[in-house]
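S.K.: next come a sequence and a model predicted from it.
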4 protein chains.
Amino acid sequence: MLPTGEPKFKRRKADRPEEIVAAALEVFTDKGFAAARLDDIAAGAGVSKGAIYLYFATKEDIFRAVVEQNVAPNLDLVRQAVASHQGSFPALLRGLIGGLSHVVDESPAGAIVKIVIGEARNFPELARVWHDRLVAPALAAMSGAIAAAQARGELRAGDSRQYAVSLVAPLLMGVLWRETFTPIGAEPFDIPALAEQHVELWLRGVLAEPEAVR
Amino acid sequence: MLPTGEPKFKRRKADRPEEIVAAALEVFTDKGFAAARLDDIAAGAGVSKGAIYLYFATKEDIFRAVVEQNVAPNLDLVRQAVASHQGSFPALLRGLIGGLSHVVDESPAGAIVKIVIGEARNFPELARVWHDRLVAPALAAMSGAIAAAQARGELRAGDSRQYAVSLVAPLLMGVLWRETFTPIGAEPFDIPALAEQHVELWLRGVLAEPEAVR
Amino acid sequence: MLPTGEPKFKRRKADRPEEIVAAALEVFTDKGFAAARLDDIAAGAGVSKGAIYLYFATKEDIFRAVVEQNVAPNLDLVRQAVASHQGSFPALLRGLIGGLSHVVDESPAGAIVKIVIGEARNFPELARVWHDRLVAPALAAMSGAIAAAQARGELRAGDSRQYAVSLVAPLLMGVLWRETFTPIGAEPFDIPALAEQHVELWLRGVLAEPEAVR
Amino acid sequence: MLPTGEPKFKRRKADRPEEIVAAALEVFTDKGFAAARLDDIAAGAGVSKGAIYLYFATKEDIFRAVVEQNVAPNLDLVRQAVASHQGSFPALLRGLIGGLSHVVDESPAGAIVKIVIGEARNFPELARVWHDRLVAPALAAMSGAIAAAQARGELRAGDSRQYAVSLVAPLLMGVLWRETFTPIGAEPFDIPALAEQHVELWLRGVLAEPEAVR
DNA sequence: TATGAATGAGTTTTCATTCAT
DNA sequence: CATGAATGAAAACTCATTCAT
């Protein structure tokens, strides 16, 4: 049942900022920050150009909102992925990477990653936000889990941070491939499938007793 | 008596284009295409703004030159890396990835990768050039080698193209990390070391008889 | 209390294009197309430079608008001049040329003529518009009327198109004199008087029975 | 037999200024002053751009030379046309206008006329040169001859200066038509034929005893 | 003299931001 | 709150002019 009272053709003003950010995400992903035009964002959000300035002081502010708004959800996703899986280390990892692969495959996270990479030099404070609040913690969590497993004797010796990179890099590459080469007709990757095969590879490569791996 | 100091005019037609492209690479890497200013490129090349237009018709042309000029050298590097290593499949791979890790660590290739990712939507024809002439062939070569090794029974079953991604993705991540997060003070990665540990991981994960791996 | 003075922003969308075209006519007449500066047009129209681009995509577009907007009015003037006069052929002609002489003397038509002549090579499509929609039809109409009068035996034999040129050329010369030499202090011409004397000359020169001419 | 000593592929330096002016005439006629490019003039003259500055200080100077160099020859032509014909007033006129019609039909005079009209506002001193040294004297000479004939009773009463305009205007129109509308495919005029028919018209229209006209 | 690469001031055009409505 | 016309500060690009060769 629809909520009554509000005519559906009249958008709630409270929704405006989100709609603008959503439209901005699309335009920024498409064009990058500098080439994005406020007109396009306004049109995408179904709003006048002037209205944007009721919610955001500058174009940079919109950009900041786009990038920052996607830190928290992604952080939550990582946390949930970690928390929601019990059991053995391999099982945990399968769940984590499998979950992440679906997240990056379906959420705007992939697009945001591309934006952050492309604009890190022009917006270092945003790169820092993403690094400090999402990427570094996530990497640290994985490195920590790996190191713990190494300490338990489950994993081989080696640099745990590098092992973490070995683990997640294909997800990054899959996402960037989708953003970069798929639009021009390149053969796409099935990111969940890629992730699945890669986790097994990784486990065999790092487990102290790889025979145990399926 | 000769006038001292810097003459206002310098004639160096032959060198100019390269100098401009080199300066442009830096500015484009730093700012992206749209935010790059001709003034900055000119200043970087030690040339007046007008002089640039003696060699390039538009800003886009400079950009194209930057991206295209870096396809061939990189392709050559990949070819050499493949060709210069003999021996067993593991040895070949160690040589290839080790070589590549040094290339991306030291050449402007990493910066170009970032540029291509960031501007692929605005310059699809450049994304296509990079894909068709460099990325796709390189990936195909690796997939082919992997598939051949699988056929020989040296490697486990699995999607060879995905295995190739599993192999090279950490290099890409290392490069992008350097471009994105190292400038803001993040802990850097030692790309050759990362590559070395990763190859061993990969080999253990894919070889049919992993015990053989060191 | 109302704020006094000139507000920085004025909203007059409906009037703007005409104001810009009017200002542009003046500047183009004065300087020609290439030497005309958008700043001058903007200043003449009491508008910022950017505002022009709300209504015209390029400087050329403004020029086109100036030239094309003056085809239709002039065509109408010719038509009216032809239509509004009855009576004998001499009376018709006196009315037509007399009317035209006032038109070119008072409307911007004269200035436009100068512009079209000066820019015909750079804007051939505009020369074509002026030729096809105004000059050629008008000339054809006169030639036709002359030929008809010749067929009736009222006029002497001779090339009717050339007779038409003989008839209107002094008007053209009068206008161009005004645009070219009067501004530098040359003795001006009284175009209507010139036209009046010329029509009588022409009639005596072409009528089969010139005695009848006043 | 060719003059010896000078290889024909090596132009005499003394000719350079004229070659440049000749090339400039063409370019200025084609594009107008502002849109004319020194590169084009240099290319047309078979000279480097820098060489032009050995003979002319500025682009304006070249333009001045083009316009001024064509005053004297044309003045001479008018003088000769007037001087070379004896006999009755009608015969004189037939000779004069007939001669002029060939001059404007074949010499660059027509192109210069167009240039002077188009650039009179930007180069008032050139318009003045043309007016004071060529157009006004020529018009005065004709007016004077007409007034004298009127005093002799050969011509009807009327404004002699206006009669002069009635006489020469078709030549002007013929030339401008050629410059303006013929290039876009308009039906051209045979200027000498036009002139011939017009002179007879004019004579019949102005002679006190038109029966005498052929 | 002659060349043409190089300069830099000037012009068109864009677009984030403002503000009258 | 919302609109979108208007502003004005960039920024790409042009080309007359200069000058090292």
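M.R.: Received the coordinates, thanks. Because the structure is predicted, anything quoted here is derived from the model rather than measured. Residues are numbered from 1 along each chain as shown, chains lettered A, B, ... in the order given.

S.K.: hmm, stretch A:201-212 in reach of chain B?
M.R.: Yes: using C-beta under 8 Å from any C-beta of the partner chain, we find that stretch A:201-212 touches chain B at A:201, A:202, A:203, A:204, A:205, A:206, A:210. In this view, the C-beta of every residue, glycine as well, is placed from N, C-alpha and C.

S.K.: turn those residues into TSV, columns for secondary structure, pLDDT and neighbour count.
M.R.: What follows is the residues of stretch A:201-212 next to chain B, written out as TSV (DSSP: H, G, I helix; E, B strand; the rest coil; pLDDT from 0 to 100; neighbours: other C-beta atoms under 10 Å in any protein chain shown):
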residue	secondary structure	pLDDT	neighbour count
A:201	helix	98	25
A:202	helix	98	25
A:203	helix	97	20
A:204	helix	96	21
A:205	helix	96	29
A:206	helix	94	29
A:210	helix	56	15
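
S.K.: with respect to residue B:166, which of the residues you listed is nearest?
M.R.: Relative to residue B:166, the closest of the residues of stretch A:201-212 next to chain B is residue A:201; by C-beta to C-beta it sits at 5.5 Å.

S.K.: thought the closest one was touching residue B:165?
M.R.: No: the pair residue A:201 / residue B:165 is not scored as a contact, 10.5 Å apart, by C-beta atoms under 8 Å.

S.K.: per-residue confidence at the closest residue in space to residue A:109 that isn't next to it in sequence?
M.R.: If the residues on either side of it in the chain are set aside, residue A:109 comes closest to residue A:74, at 5.4 Å by C-beta to C-beta, 6 or more residues apart in numbering or on different chains. The per-residue pLDDT reported for residue A:74 equals 79.

S.K.: residues touching residue A:74, list them.
M.R.: Counting by C-beta atoms under 8 Å, 6 or more residues apart in numbering or on different chains, residue A:74 touches A:103, A:107, A:109, A:112, A:134.

S.K.: tell me the one of the residues you listed nearest residue A:175?
M.R.: Lowest distance from residue A:175 to the contacts of residue A:74 (C-beta to C-beta) belongs to residue A:109, with 7.7 Å.

S.K.: how near is that closest one to residue A:102?
M.R.: Relative to residue A:102, residue A:109 is positioned 11 Å away (C-beta to C-beta, to the nearest Å).

S.K.: which of these two has more neighbours?
M.R.: Looking at residue A:109 and residue A:102 with other C-beta atoms under 10 Å in any protein chain shown, you find the greater number of neighbours at residue A:109, namely 18 against 15.

S.K.: how close does that one sit to DNA strand F?
M.R.: 29 Å (C-beta to the nearest atom of the strand, to the nearest Å).

S.K.: repeat that for residue A:180.
M.R.: For residue A:180, the distance to DNA strand F - C-beta to the nearest atom of the strand - is 24 Å.

S.K.: again with residue A:175
M.R.: Separation of residue A:175 from DNA strand F (C-beta to the nearest atom of the strand) stands at 30 Å.

S.K.: what about that residue, helix or strand, and which?
M.R.: Assigned by DSSP states H and E, residue A:175 falls within helix A:160-180.

S.K.: give me the distance from that helix to the chain's centre.
M.R.: Put simply, helix A:160-180 sits 11 Å off its chain's centre (C-alpha atoms, centre = their mean, to the nearest Å).

S.K.: elements contacting it?
M.R.: Helix A:160-180 is packed against helix A:89-106, helix A:109-119, helix A:136-151, helix A:191-206, helix B:109-119, helix B:160-180, helix B:191-206, with contacts defined by 3 or more C-beta pairs under 8 Å, 6 or more residues apart in numbering or on different chains; DSSP states H and E.

S.K.: turn those helices into a markdown table, columns for distance to DNA strand E.
M.R.: Listed next are the helices and strands packed on helix A:160-180 as a markdown table, based on distance: least, C-beta to the nearest atom of the strand, whole Å:
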| stretch | distance to DNA strand E |
| --- | --- |
| helix A:89-106 | 29 |
| helix A:109-119 | 14 |
| helix A:136-151 | 30 |
| helix A:191-206 | 32 |
| helix B:109-119 | 15 |
| helix B:160-180 | 23 |
| helix B:191-206 | 36 |
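
S.K.: to residue A:30, which of these lies closest?
M.R.: Ranking the helices and strands packed on helix A:160-180 by proximity to residue A:30 (C-beta to C-beta) places helix A:109-119 first, at 9.1 Å.

S.K.: CA atoms of whichever helix or strand comes after that closest one as CSV?
M.R.: Moving toward the C-terminus from helix A:109-119, the first helix or strand encountered (DSSP H and E) is helix A:124-130. Extracted in CSV, the C-alpha atoms of helix A:124-130 (Å, rounded to 0.1, in the frame of the first residue of the first chain):
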residue,chain,number,x,y,z
PRO,A,124,43.7,14.2,-1.8
GLU,A,125,41.5,14.6,1.3
LEU,A,126,38.9,12.3,-0.3
ALA,A,127,41.6,9.8,-1.1
ARG,A,128,42.5,10.0,2.5
VAL,A,129,39.0,9.5,3.7
TRP,A,130,38.6,6.5,1.6
